[in-house]
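Student: For reference, the sequence and a predicted model appear below.
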Amino acid sequence: MQDSKTASSRHWLLRGTKLSSILERGGNSFDFLRLCAALAVMFGHSFWLQPAYGRIEPILKHTGLEYSGSLAVYTFFVISGMLVSSSYERQGSLARFIPLRLARIYPALLACVFLSAFVLYPILSSGSFVSALLSEDAKIYFVKNTGLFWGIQWTLPHIFEHNAIKAVINGSLWTLPLELMCYMVAIVAGLISGYSSRLRLVALLAIVGAGIAYLASHTSSYELLRSIVNKPTGYSFYAPPFFMVGMLLYAFRDRVVVSWPVGIALAIAYVIFRHSAIGTPLFYLAFLYVLLCLCGDKTLRRIKLKNDYSYGVYLWAFPAQQMVASWFPDMDNLVGLAISIPLTIIAAAFSWHLVEKPSIRLARKLTTSRSASPARNRSPAGL
């Protein structure tokens, strides 16, 4: 009885809840936060894509470390690390896990890259429609950016020639190969029973972390490996470690208590010590913990999204912003956002309803029917 009162008192003081409860269905605001993160990427990119007339992106101005776009990407990776780990454990087999993961990433990517290469490029190219449509450049762009592991093709000739970032159709695709590589780490963790043995998971992530540290200091002749430690403009850190943090958070979900008072205290501590030697570690610690607080926040949980447009927004934002920048080269970046955001959301809605949602539904149907197939239909030899 006394132990119960002590535990209750401790819970009241922290005003928090265990991460395991937040990860339950209906216990979080993941969908809303991912949509906000996708829009934050647009906001951050706008300062490079259109004139800001002397204004500096506010987060970068006040922290000197990261900007809204980089923090948004880290948000995606942390949430993905938790959800992908949960998905692997829930599916229980590679035969179910892999198709579901691929269905979430590839169909929408294929549609985006195909339409970019063979519709937008011919229309927007300063050359002829037919020559751009049939060009080798368009084909290479499609093949490389759907293969992902062969490197990202950033540019196409004769397009966006007068933009601040010339010839680039979609600068956001660079994170997708990293996401797939992180999925591989999650698979290895599952194969070695890392989700049931925290020691094994920590050992695996320590090895992967050491590999990332080595690449950061020694680089590599392979483009795919170099991409792991890619830090675009505005980034002070690497994206994959945040996925690994998400994996660890999932593994220790029963021991992680999420509390707004603690989150606020960490944020205040960063503000006080931001110019000291511990300023940078405090920044990332506060960011991660406040993110968890937002994930479990009761007010945000009341915002129920019927559809998940976040991935579509992420895929289509950069092309939309580049088009607006080419149409209105002298327009203020914030005004440009007022045009590009609706265009992006429309594209994301088509992506979700016509591509993503049907693909996910089909993958679930196929994997469920396969796992439920009766044993008598299988070969006696197990072939």
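Tutor: Happy to help now that I have it.

Student: Leu156 is in contact with Asp137, correct?
Tutor: Yes: using CB atoms under 8 Å, Asp137 is in contact with Leu156, at 5.4 Å. For glycine as for every other residue, the C-beta is placed from the backbone atoms N, C-alpha and C.

Student: When these two are compared, which one has more neighbours?
Tutor: Leu156 (22 against 18; other CB atoms under 10 Å).

Student: Report the separation between that one and Pro122.
Tutor: According to CB to CB, to the nearest Å, Leu156 and Pro122 sit 10 Å apart.

Student: ok, now Ile165?
Tutor: The gap separating Ile165 from Pro122 is 20 Å, by CB to CB.

Student: mind saving the C-alpha coords of stretch 245-252 as CSV?
Tutor: C-alpha atoms of stretch 245-252 as CSV (Å, rounded to 0.1, in the frame of the first residue of the first chain):
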residue,chain,number,x,y,z
VAL,A,245,17.6,7.0,-30.7
GLY,A,246,14.0,6.2,-31.7
MET,A,247,14.9,2.5,-31.6
LEU,A,248,16.4,2.8,-28.1
LEU,A,249,13.4,4.8,-26.9
TYR,A,250,11.2,2.0,-28.1
ALA,A,251,13.3,-0.7,-26.4
PHE,A,252,13.3,1.2,-23.1
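
Student: and it, average pLDDT?
Tutor: Averaged across stretch 245-252, the pLDDT comes to 96.

Student: ok, residues contacting that stretch?
Tutor: 19, 23, 77-86, 185-186, 189, 194-195, 198, 201-202, 205, 256, 288, 292 (CB atoms under 8 Å, 6 or more residues apart in numbering).

Student: are any of these buried, and which?
Tutor: With burial judged by 16 or more other CB atoms under 10 Å, the buried subset of these is 19, 23, 77-86, 185-186, 189, 194-195, 201, 205, 256, 288, 292.

Student: From those residues, which land in strands?
Tutor: Among those, DSSP state E puts none in strands.

Student: Check which residues of the strand or helix carrying Ile345 are buried.
Tutor: Assigned by DSSP states H and E, Ile345 belongs to helix 333-350. Judged by neighbour count using 16+ other CB under 10 Å, the buried positions of helix 333-350 are Asn333, Gly336, Leu337, Ile339, Ser340, Ile341, Leu343, Thr344, Ile345, Ala347, Ala348, Phe350.

Student: Leaving aside the residues adjacent along the chain, what's closest to the fourth one?
Tutor: Counting by CB to CB, 6 or more residues apart in numbering, the nearest residue to Ile339 once its immediate chain neighbours are dropped is Val324, at 5.1 Å.

Student: Any figure for the gap between that neighbour and Leu337?
Tutor: To Leu337, Val324 is 9 Å away according to CB to CB.

Student: same deal with His62?
Tutor: His62 is 20 Å from Leu337, by CB to CB.

Student: With Arg301 instead?
Tutor: For Arg301, the distance to Leu337 equals 27 Å [CB to CB].

Student: in this protein, which segments are predicted with low confidence?
Tutor: 1-15, 369-383 (pLDDT under 70).

Student: if we go to 80?
Tutor: Filtered on pLDDT under 80, the chain yields the residue ranges 1-16, 92, 221, 223-224, 368-383.

Student: give me every residue that touches the residue nearest the centre of it.
Tutor: With distances taken as CA atoms, centre = their mean, Phe76 lies nearest the centre of the chain, 3.3 Å away. Residues in contact with Phe76 (CB under 8 Å, 6+ apart) are Arg34, Ala37, Thr175, Tyr314.

Student: element containing the last one?
Tutor: The one in question is Tyr314. Using DSSP H and E, Tyr314 sits within helix 310-327.

Student: Could you tell me how many residues sit around Arg253?
Tutor: Residues contacting Arg253 under the criterion other CB under 10 Å number 18.

Student: shared neighbours of Leu156 and Pro122, anything?
Tutor: Counting by CB under 8 Å, 6+ apart, the contacts common to Leu156 and Pro122 are Ala138.

Student: For the stretch 51-200 of the chain, just list every one of the helices.
Tutor: Per DSSP state H, counting those that start in this stretch, the stretch 51-200 of the chain carries helices over the ranges 58-63, 68-91, 94-115, 121-124, 129-133, 136-147, 175-191, 198-218.
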